[in-house]
Every structure is written in C-alpha cells, then in structure tokens.
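[1] Generate a structure from the sequence data that follows.
(2 chains)
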2 protein chains.
Amino acid sequence: MTAERIWTAALLVIGDEILSGRTQDRNVAQVGQWLNLQGIRLAEVRVVPDIHERIVEAVTALRAAHDYLFTTGGIGPTHDDITVDAVATALGVEVIVHPKARATLEAWYADKGGITEARLRMARVPEGAELIENRMSGAPGIRCGNVFIMAGVPHIAGLMLEALSGQLEGGAPLLSATIGCWVPESEVAELLGAAEKAHPGAQIGSYPFFREGRVGANYVIRSTDAATLEACRADLVARLEAAGREVALEGI
Amino acid sequence: MTAERIWTAALLVIGDEILSGRTQDRNVAQVGQWLNLQGIRLAEVRVVPDIHERIVEAVTALRAAHDYLFTTGGIGPTHDDITVDAVATALGVEVIVHPKARATLEAWYADKGGITEARLRMARVPEGAELIENRMSGAPGIRCGNVFIMAGVPHIAGLMLEALSGQLEGGAPLLSATIGCWVPESEVAELLGAAEKAHPGAQIGSYPFFREGRVGANYVIRSTDAATLEACRADLVARLEAAGREVALEGI
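    Numbers count the residues shown, from 1 in each chain, chains lettered A, B, ... in the order given. From the prediction side, this is the model:
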C-alpha cells in the first residue's frame, strides 16, 4: 500500500437545541457517511451554542485544521440564526445580500406573501460566497472557501450534500468490512489487537452489544486499500476460528 | 432576576464509529438532558477519533474551559479502548489498577472464565481517581477531578449518570416552555426577536418543521428564572395572537 494523502473534514453543529437534549442530532452520522463516499474522513465534530463568539472561535480553529469545514444549523430567518454573521467574522469579510439568493427567495415567496425583511435574512452570505442549491426550500446552502454552511434540518442538509456529491476533491474512500461473534469482547481482546498489528494500514474497531439476552460484538475492519482490508479480515476470521469461535461473516 | 453563576460542562465523545456514521450517537442528548436537571449547562461537545493525541488535546482544552468534563466511549477491554491512558496523560498522572475495580471485575467474571489481562484493562484508572459504580456491567465509570469517564454504550452511560444524580454542584436548572404555531417562521421572525429583547434573562429558540404537508415551528422559551420564563411566554403568546396567529399552548 502506498502512502497517500488523507483528506479530512470537520463538522460544526450549531444549536442550543442539540446541547439541551431537546433535539436528537442526525447530521453527524449523515455527514460522516456522505464524506466516506467522497473519500474524505470526518475527523472532528464540535457542537456549540447559538453564541456569536463561540461559533467564530470554532470556525477559525476547524477550518485551519482540516481540508473542509461543514456547519449545520442557524441559517433560517429568525433572530437566533447567526451562523452567516459568525462565519463572515471568522473569515474577515462583510455580509452581503447575494443577488441570486435574493431572486430565488423572491420567486419562492411570490405566492406566499412576498419577500420580507426576515425572509431576506436567508439571502445574506459572507462576501465572495457561492450558493449550494437545493430543491426543497428557498434558503440555499453557502460555500465560502473551504467552509460549507448547511441547514440544520437533516432532510434539507441531506439535499445540500447531494448537490455537492462528487464536487469535492478527496482521496481513496475508506473501505470497511464487518464480522461478528456472540462472545464477550474481553475474551478475544488480545487476538483483535494482534490481528490489527499484523496488518499495517488496517484498523479494527470492536463494538460490543447486549441483544436477545446475550453479549456479542461486531468487529469493523477499515482500510483505504481493498487488499489490505481483505487480508486483515481473513486473518481475523482465521484467528477467531482457531480460538474455537463461531464467526458471523456478515456481522450480527 | 439576580445574576448568578452558570455552571457549564463539556462532553467529549470518543470513537471512530460515531465519526464514520456507523453508529448514531445517543449520548449528547442524554447527557444534555441529565445536566439540565443538575443545574449544569452542556456548553460544548466534541467528537474525536480513537487517536491518543487527539483525545489528550481535547481533554486538556475542555476540562480547563468548563466546570465539568464528561467523556463517553473507549473504556472497554480491547486495543481501541484508550480513553483512560489519554485522560491520564492530559492530567499528568500515571495509570494504575484500581484495587476496588479489580475486585469488582474478579467477582463479575468469577463464573465467566475468571479475570484475564484484557478484562483487567477495565480496572485501569488515572492515579487518584474514584469509581462511578453501575449495576449493569463489571466495568465502572471513573471520576478524576472534574473529569468523568463513562461508557460509550448509551444504556450503561445512563446508569453511570443515574449514580451521579444530585452529586455535582450546579446552579439553578434551566427551565423551558414550548409553544407552537402552524406558520412559516419567516412570517413571525421579527415578533420573536422583539419578544426576546423585551425579557432579559429569557431566550427564545425557533424550531421549524415540515409535518402533515404543512410548515410550522415550535418556539422554546428558556430561563433559569420561573417568573421571567412565564412573563416571556405570556408576552410571546399575546404578540402572536395580536398578529392573528393561532397558538398551540403546549407546542405542536
């Protein structure tokens, strides 16, 4: 396996409702899965409240540390939607009304009472930004440099991701294979560690569960190289079977 | 309303499986809700991969910035369970085998094949730490100073939180009330902002949704002071009704 550049992204989830536990986040898993397909690894997530300084601080740190930064939340028309202002501050640019976003909103609201000052808030972007169109709502996502500003509503964020599919430079996608055993992970822990060590470039994660009154675990092997993945997977199966364990080859 | 100390906590979620999107996190919402009841505000969440340096870096930053730091994940018996070592590094202490944790594990595994080197990993704690008992598994949670190390499996993390209920110093719990309207939030955005501004000490969050083919939003009013909360809630209801909106007083 040749050494290769690993592309990484961070996700910044913005919203008091996630931190209070009122709303169950769905965007971390959605963005993580989508990034895998783009050959980009989600390497860090932060969740911060609707406070300007906290968003600015997180955007500044994360966009410098990773190839891409995605944000979710805080782009609607109400007073607690402050993401665009905070990203603009972090980038050191002004907030402007994007002409195309304005036109889109005007068309969207033409038969819904027309444009208002509140609705026009959704056309505000950091200067120099491009729009990420989606079919679902008048409010577009926003790309400014390596920062992608997306909706908090998971379905709309998903449409924005769909619009971005294949547009971002990435590396080899992270491949994975899963096997499982109805056995406490503590009984095979050494064997798992040894199998990972024998295959540089592969990682093995162990994910225990309690189900149907029994304990078991799935072992997820990950690698960007298909041959390394398969070698590690086959080796782990062989080691488990040699230890007298029955292996579920598709996971449990 | 008198100014009062606000107690804050951070949560560090440790695990490749959350970042890859394989596993849907449940601990952010669970910890956030539990902290509200303790009078402590979840003020930041980070999710990092199973990489020693990344965990150390996050623990160091978060335990300094907040009154409390909770971690979830990475305390099982396998090679990818490295949370204890990383927290010890961040605290500048050694990792030791805790005598009581060892005794608990020995009793737990007495009729399950006995203690092994892998299982003994779960008795390792940063020097000076106390245990957070739980009824569900042999592996205890760990408290070291203001850092609380918990399991990744949400059910076990929940039992550890239960054991900690009422043990941590906090301030006034954050109270909330929810009302809702079947109206696009863009049509009442200015009214929401004005109602919040009129009641210092209260915040209003607007959470739009698409449901049954219609758009609407819930408005969550939050305050640590019951009278402020009620005044803001009543004022918002009055403003919405004055604007000709029908208000669902319990939210939608």
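[2] The residue most central in space within chain A is in what secondary structure piece?
    Geometric centre of chain A, nearest residue: A:Val31, 2.7 Å, by CA atoms, centre = their mean. Assigned by DSSP states H and E, A:Val31 falls within helix A:27-37.
[3] now swap in A:Phe210 and tell me
    A:Phe210 belongs to strand A:203-211, assigned by DSSP H and E.
[4] And A:Glu250, by the same measure?
    Going by DSSP H and E, A:Glu250 is not in any helix or strand.
[5] what's the pLDDT at the nearest residue to it once chain neighbours are set aside?
    Counting by CB to CB, 6 or more residues apart in numbering or on different chains, A:Glu250 lies nearest to A:Thr178, which is 7.1 Å off, once chain neighbours are set aside. No exception for glycine: its C-beta is placed from N, CA and C like everyone else's. Predicted confidence (pLDDT) for A:Thr178: 93.
[6] Helix or strand next in line after the helix or strand containing A:Thr178, which one?
    Secondary structure assignment for A:Thr178, by DSSP H and E: strand A:175-181. Where DSSP H and E defines the elements, the next helix or strand beyond strand A:175-181 is helix A:189-197.
[7] relative orientation of that following helix and strand A:203-211 in degrees?
    Helix A:189-197 and strand A:203-211 are oriented at 150 degrees to each other (axes from the mean of the first three to the mean of the last three CA atoms, to 10 degrees).
[8] in helix A:189-197, what's buried?
    A:Ala189, A:Glu190, A:Leu191, A:Leu192, A:Gly193, A:Ala195, A:Glu196 (16 or more other CB atoms under 10 Å in any protein chain shown).
[9] same for that helix, what does it pack against?
    Contact here means 3 or more CB pairs under 8 Å, 6 or more residues apart in numbering or on different chains; DSSP states H and E; on that basis helix A:189-197 packs against strand A:203-211, helix A:226-242, helix B:117-120.
[10] can you count the residues close to the residue lying closest to A:Val59 once chain neighbours are set aside?
    Counting by CB to CB, 6+ apart, A:Ala90 is the residue found nearest to A:Val59 once chain neighbours are left out, at 3.9 Å. Look at A:Ala90: counted by other CB atoms under 10 Å in any protein chain shown, it has 22 neighbours.
[11] these two touch, right, A:Ala90 and A:Ala61?
    No. A:Ala90 is beyond contact range of A:Ala61, at 9.3 Å (criterion: CB atoms under 8 Å).
[12] tell me the domain boundaries of chain A?
    A:7-164, A:175-242 (automatic domain parsing).
[13] Would you agree A:Glu190 is in contact with B:Leu120?
    No. A:Glu190 lies out of contact with B:Leu120 (CB under 8 Å); the separation is 11.6 Å.
[14] Keeping just the C-alphas, turn stretch A:43-57 into CSV.
    The C-alpha atoms that make up stretch A:43-57 are tabulated as CSV, following Å, rounded to 0.1, in the frame of the first residue of the first chain:
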residue,chain,number,x,y,z
ALA,A,43,-12.0,13.8,11.7
GLU,A,44,-13.7,16.1,14.3
VAL,A,45,-17.1,17.3,15.3
ARG,A,46,-17.9,20.2,17.6
VAL,A,47,-21.3,21.3,18.9
VAL,A,48,-21.6,24.9,20.1
PRO,A,49,-24.5,27.1,21.3
ASP,A,50,-26.0,30.0,19.4
ILE,A,51,-23.4,32.4,20.7
HIS,A,52,-21.5,34.5,18.1
GLU,A,53,-18.1,34.4,19.7
ARG,A,54,-18.3,30.6,20.3
ILE,A,55,-19.1,30.0,16.6
VAL,A,56,-16.4,32.3,15.4
GLU,A,57,-13.8,30.6,17.6
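[15] ok now it, how far from the chain's centre?
    Its chain's C-alpha centre and that of stretch A:43-57 lie 15 Å apart, by CA atoms, centre = their mean, to the nearest Å.
[16] That concludes my questions; thank you for your assistance.
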